[in-house]
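> Quick one, structure for this:
(chains A, B, C and D)
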There are 2 protein chains.
Amino acid sequence: MARIPASERRAALVQAALRVVSQRGIAHATTRAIVAEAGMSLASFHYAFDSRDELIDELITTVVAREQEAVLPDDLQGHDIRDMLEAGLLRYFDHLRADPEHEQAMLELTQYALRSPDRHPLAVAQYARYTELGARSLAAAAELAGVVWTTPVEQVARVLIAFTDGLTLTWLVTRDDDVARAVAHAAADALSRMAEPR
Amino acid sequence: MARIPASERRAALVQAALRVVSQRGIAHATTRAIVAEAGMSLASFHYAFDSRDELIDELITTVVAREQEAVLPDDLQGHDIRDMLEAGLLRYFDHLRADPEHEQAMLELTQYALRSPDRHPLAVAQYARYTELGARSLAAAAELAGVVWTTPVEQVARVLIAFTDGLTLTWLVTRDDDVARAVAHAAADALSRMAEPR
DNA sequence: ACTGAAGTGGGACGATCGTCCCAGTCGCAT
DNA sequence: ATGCGACTGGGACGATCGTCCCACTTCAGT
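Take a look at the predicted model:
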């Protein structure tokens, strides 16, 4: 094995861990499975990380921090706020369909974090991040559509997150595209009612 | 240990397994943890079940089959369909708040089933059951409110399930009651638009 | 009372887990 | 070139996992 500084190994191991979690689930993301995916020896793992828990924590943090352009539509389209919201949700749905395993992994990581008091804050931070990204999109969309949110935009964002979560979970189980689109439509409908003309 | 027929042991073990999964997560639901919860010896486990997988499968099946009155409101109240839906969703939310661990367990079992090709049908069946219960409620509500669904009621039910899933997941992480209520309100709003006066 | 089936308990199995140790090797500063 | 710290590889550890075995006890039918 080539000689690689520990900091780079950490990054490589985190990426390998994400691939393992995506493909086989967090239960199978053992230290041996992760180093095999990364093409390293077992000792390299504990040279870069003190423990598996530390790796998982960093995995969650990393993956949440980089959750950006995926959900954030860069070009808002549609002639009114409702259309914009639906377009945004459908865009997210395309992202979900393109890489279902990734969203499933995110879901598993959340549940995993929820099960340990130490890690619970990570799950909360994950949702705070989602809310922040959602609020930013919602504010931009309202600006473009010439409307104002009648509820604080963070609150609207949290409802948006709940809707996308529901869409994700349901589609991951049923793989029913029509239902997912119906959810996007209904969600956009409901959210648009939280805004009024400026 | 008292002598108990294998069939009763199976039921007792399933109940014990549900308690363990609820309290500590499916990852900690080992054969030893389950028999300890049930107050049995390890041998009794493999006398009643061929394998742990068999127990988990039966746990999922059992717990889904009995998912009835929890979500199904027996007394629909509200003067129009929108109010009825919101009342129903809030009722579900009360149920969620009363026993968060149970819903978290259901979520984990779904994800667990999703990870194995053999068990995938169990997750699908779980959602089919949810849809069936949802459709029944929606049909009853429409009847009472004097409206008809403009979309097939099963389709509406699937959207309803997605919304409740989102509400559940978000609340389990954030424990924000206000957001959950806002989600219920918005979801009822959106769903009610899928109906029109008869 | 006798027998066979049903149920029980404890201990053990091989596999796999996270972690650790240590001898060895590389690269860089001196 | 040489020494030292950074890094590597293989093998091992104790713990825990699912499962199994077997001697034993209880109960129902005769």
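> make it CA atoms for all contacts and neighbour counts henceforth
Noted.
> in the longest helix that chain A contains, what's buried?
Looking across chain A with DSSP state H, the single longest helix is helix A:120-145. Buried residues in helix A:120-145, counted by 16 or more other Cα atoms under 10 Å in any protein chain shown: A:120, A:122-135, A:137-139, A:141-142, A:144-145.
> Does that helix reach chain B?
Yes - using Cα under 8 Å from any Cα of the partner chain, helix A:120-145 reaches chain B at A:123-124, A:127.
> Any part of the following helix or strand past that helix near chain B?
Sequence-wise, the next helix or strand beyond helix A:120-145 is strand A:147-149, with elements assigned using DSSP states H and E. No - with Cα under 8 Å from any Cα as the criterion, chain B is not reached by strand A:147-149; the gap is at least 13.9 Å.
> I'd like the average pLDDT over the helix or strand just after strand A:147-149.
Next helix or strand after strand A:147-149 toward the C-terminus (DSSP H and E): helix A:153-174. Mean per-residue pLDDT for helix A:153-174: 98.
> Any chance you could list what contacts helix A:153-174?
Residues outside helix A:153-174 that contact it (Cα atoms under 8 Å, 6 or more residues apart in numbering or on different chains): A:89, A:93, A:96, A:100, A:103-104, A:130-132, A:134-135, A:138-139, A:177, A:179-180, A:183-184, A:187, A:191, A:194, B:114, B:123-124, B:127, B:161-167, B:169-170, B:179-180, B:182-183.
> Next, report how far that helix is displaced from the centre of its chain.
11 Å (Cα atoms, centre = their mean, to the nearest Å).
> what do you get for stretch A:183-191?
That offset, for stretch A:183-191, works out to 20 Å (Cα atoms, centre = their mean).
> what's that stretch in contact with?
A:82-83, A:85-86, A:89-90, A:156, A:159-160, A:163, A:167, B:159, B:162, B:186-187, B:189-191.
> Mark which of the residues you listed are buried, thanks.
Buried among the contacts of stretch A:183-191 (16+ other Cα under 10 Å): A:82-83, A:85-86, A:89-90, A:156, A:159-160, A:163, A:167, B:159, B:162, B:186-187, B:189-191.
> So which residues of chain A form helices?
A:6-24, A:31-38, A:42-48, A:52-65, A:81-98, A:100-114, A:120-145, A:153-174, A:177-192.
> tell me the most buried of these?
helix A:153-174 (a mean of 24; mean count of other Cα atoms under 10 Å in any protein chain shown).
> For chain A, what lies in contact range of DNA strand D?
For chain A, the contact set with DNA strand D under Cα under 7 Å from any atom of the strand comprises A:1-7, A:9, A:40-44, A:47.
> With distance to B:R198 added, can I get the residues you listed in CSV?
Shown next, in CSV, are the residues of chain A next to DNA strand D (distance: Cα to Cα, whole Å):
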residue, distance to B:R198
A:M1, 73
A:A2, 73
A:R3, 74
A:I4, 71
A:P5, 71
A:A6, 69
A:S7, 66
A:R9, 65
A:M40, 67
A:S41, 69
A:L42, 68
A:A43, 70
A:S44, 69
A:Y47, 70
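> and those as a markdown table, adding pLDDT?
Formatted as a markdown table, the residues of chain A next to DNA strand D follow (pLDDT from 0 to 100):
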| residue | pLDDT |
| --- | --- |
| A:M1 | 65 |
| A:A2 | 75 |
| A:R3 | 82 |
| A:I4 | 88 |
| A:P5 | 88 |
| A:A6 | 86 |
| A:S7 | 89 |
| A:R9 | 95 |
| A:M40 | 95 |
| A:S41 | 95 |
| A:L42 | 96 |
| A:A43 | 95 |
| A:S44 | 96 |
| A:Y47 | 96 |
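> Which of the residues you listed sits closest to A:I26?
Closest approach to A:I26 among the residues of chain A next to DNA strand D (Cα to Cα): A:L42, at 18.2 Å.
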